[in-house]
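Enquirer: Predicted structure and sequence below. I'll ask about it afterward.
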Amino acid sequence: MDSEDHIESNTAKGWLTPEQANQAREIIKTVGAEKAASLPEQMIQNIANGRVQKFLKENTLVEQEYQLSDDKQTVGAALAAVDKEAKVLAFKRFSLND
């Protein structure tokens, strides 16, 4: 599973804070509980991948749903539709909960 590489890559780009990276790693660690429940290895892998992908989709900009679109495309897809060469170089994250 390449989730640790994905976490490190997103952290290095500044798309995840160290706290969010630790949350993603914690999700991976909790998969051990499913393993103890005698689930098949493939099912455990699928559970872990699903949890990590959901976390990354919610916490990284290019994977988030583009809110100004009706067709539920991601920010990355909307950006690519405008210009295939365009890249997100930086962004600021704001939270209304703080």
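Expert: Perfect, I can see it now. Numbers count the residues shown, from 1 in each chain.
Enquirer: per-residue pLDDT, residue 83?
Expert: If you check residue 83, the pLDDT there is 91.
Enquirer: Show the backbone phi and psi for it.
Expert: When quoted as degrees, to the nearest 10, the phi and psi of residue 83 stand at phi -150, psi 120.
Enquirer: count of residues packed around it?
Expert: By other Cβ atoms under 10 Å, 8 other residues sit near residue 83. Backbone N, C-alpha and C define where each C-beta goes, glycine included.
Enquirer: Over to residue 38?
Expert: Residue 38 sits with 6 neighbouring residues when counted by other Cβ under 10 Å.
Enquirer: how about low-confidence regions in this protein?
Expert: Flagging of the chain using pLDDT under 70 yields the residue ranges 1-2, 31-36, 98.
Enquirer: Grab the most central residue of it for me.
Expert: With distances taken as Cα atoms, centre = their mean, the residue of the chain nearest its centroid is residue 56 (1.0 Å).
Enquirer: Hmm, residue 63 and that residue touching each other?
Expert: Yes. With contact defined as Cβ atoms under 8 Å, residue 56 counts as touching residue 63 (5.8 Å).
Enquirer: picking that back up, do you know how far the residue nearest to the centre of the chain is from residue 20?
Expert: 9 Å (Cβ to Cβ, to the nearest Å).
Enquirer: now do residue 49
Expert: Using Cβ to Cβ, which is the criterion applied here, residue 49 is 18 Å from residue 20.
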